[in-house]
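K.L.:
requesting a structural model of the entry that follows:
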Amino acid sequence: MSAPDYIQQVSSAAEQLAAGNREDNATGSFASPPCFAHEIAPSYFDPLGADPQQATDVARWRKARRTSLLQDRAALPVAKRHDASLAVARTLDRLLAERHGDVAGLTVSAWWPIKAELNLRHWMEDMTGRGATIVLPVVTKPGTPMIFRTWRPGCRMVQGFWKIPVPAEGPERIPDVTLAPVVGWDNAGFRLGYGGGYFDRTLAALRPRPFLIGVGIQSARLSTIFPQPHDIAMDAIVTEFGLQCRTKP
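P.N.:
Now for the predicted structure:
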């Protein structure tokens with residue numbers, strides 16, 4: 001089977017599963033758990049496969065979907081993105097309370113919003129007020145894992161990689177919880193990012209491994225991102241519609 005045919009077959013199978021779930025959801029029941037990747041026959045797709053042509057076709061497909069999703073997100077009204085940020089913050093509070101109880105003493109990595117990403121700075125300020133430590137990712141050298149530096153309201157910021165503001169100074173911290181912005185996401189917990197690989201390299205290097213939460217908008221859901229060997233699944237996906245997928249307790 002050619003790589004383009006393979007992509008079409010997996011997309012068709014995943015869309016059929018998603019359609020079945022949507023029909024069942026309308027009646028208040030579920031045909032399968034929120035993460036239904038296990039229902040796709042292994043013969044359709046081997047996530048550990050290393051076929052060069054397959055990888056090339058997946059990369060081209062991702063680039064096209066990334067461009068489309070970023071355009072759609074940028075077209076959302078500011079008020080709608082603001083409301084989505086507030087809804088996501090409420091879900092994050094519930095998820096962290098369920099997992100950790102009191103957030104005091106917890107180190108959570110977030111992000112400084114760019115490219116119409118959800119703006120969680122109000123939530124970051126609230127978390128610091130409740131005793132948590134917020135850290136932001138910092139690129140110290142192109143192509144290497146990022147470090148995390150403490151952020152607090154009013155701290156001095158400098159222009160970092162991609163001209164993203166980062167804390168100017170402070171010790172490195174290893175987060176207990178890592179929030180990863182997603183351009184796209186699927187119900188198996190995989191995220192489509194900006195294509196630079198920085199989050200995947202960073203998450204692969206972090207020890208101990210933090211609890212990973214992908215954060216994005218509901219309309220960015222994909223049937224699959226066609227995960228490759230370097231992709232790391234999130235432990236949970238959160239959108240303005242609430243907790244969408246949880247792959248780890």
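K.L.:
the strands in this structure, which residues?
P.N.:
107-109, 133-138, 147-151, 157-159, 165-167, 177-181, 184-186, 191-192, 211-215, 221-222, 236-239, 242-246 (DSSP state E).
K.L.:
can the ones you listed go into a markdown table with extra columns for mean pLDDT, mean neighbour count and distance to Pro229?
P.N.:
Where C-beta positions appear, they are placed from N, C-alpha and C, glycine not excepted. Below are the strands of the chain laid out as a markdown table (pLDDT from 0 to 100; neighbours: other C-beta atoms under 10 Å; distance: least, C-beta to C-beta, whole Å):
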| stretch | mean pLDDT | mean neighbour count | distance to Pro229 |
| --- | --- | --- | --- |
| strand 107-109 | 98 | 23 | 24 |
| strand 133-138 | 96 | 22 | 23 |
| strand 147-151 | 96 | 21 | 24 |
| strand 157-159 | 92 | 11 | 34 |
| strand 165-167 | 93 | 18 | 30 |
| strand 177-181 | 96 | 23 | 18 |
| strand 184-186 | 97 | 26 | 16 |
| strand 191-192 | 95 | 24 | 15 |
| strand 211-215 | 97 | 24 | 17 |
| strand 221-222 | 97 | 20 | 19 |
| strand 236-239 | 98 | 25 | 21 |
| strand 242-246 | 95 | 18 | 21 |
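K.L.:
reformat those as CSV; add distance to Gln53.
P.N.:
Below are those laid out as CSV (distance: least, C-beta to C-beta, whole Å):
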stretch, distance to Gln53
strand 107-109, 36
strand 133-138, 33
strand 147-151, 36
strand 157-159, 40
strand 165-167, 38
strand 177-181, 29
strand 184-186, 22
strand 191-192, 20
strand 211-215, 28
strand 221-222, 21
strand 236-239, 30
strand 242-246, 30
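K.L.:
show me the one of those strands that comes nearest Val58.
P.N.:
strand 191-192 (10.8 Å; C-beta to C-beta).
K.L.:
ok so, going back, Ala205: which of the strands of the chain is closest?
P.N.:
Nearest of these (C-beta to C-beta): strand 147-151, 10.0 Å.
K.L.:
what comes into contact with the closest one?
P.N.:
Under the criterion C-beta atoms under 8 Å, 6 or more residues apart in numbering, residues 109-110, 124, 133-138, 140, 166-167, 169-175 lie in contact with strand 147-151.
K.L.:
kindly export it (C-alpha atoms) in PDB.
P.N.:
The C-alpha trace of strand 147-151 is given here as PDB (Å, rounded to 0.1, in the frame of the first residue of the first chain):
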ATOM      1  CA  ILE A 147      14.700  24.500  30.400                       C
ATOM      2  CA  PHE A 148      12.100  25.900  32.800                       C
ATOM      3  CA  ARG A 149      12.600  29.200  34.700                       C
ATOM      4  CA  THR A 150      10.300  30.600  37.400                       C
ATOM      5  CA  TRP A 151       7.800  33.200  36.400                       C
END
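K.L.:
now that strand against strand 177-181, angle please.
P.N.:
100 degrees (axes from the mean of the first three to the mean of the last three C-alpha atoms, to 10 degrees).
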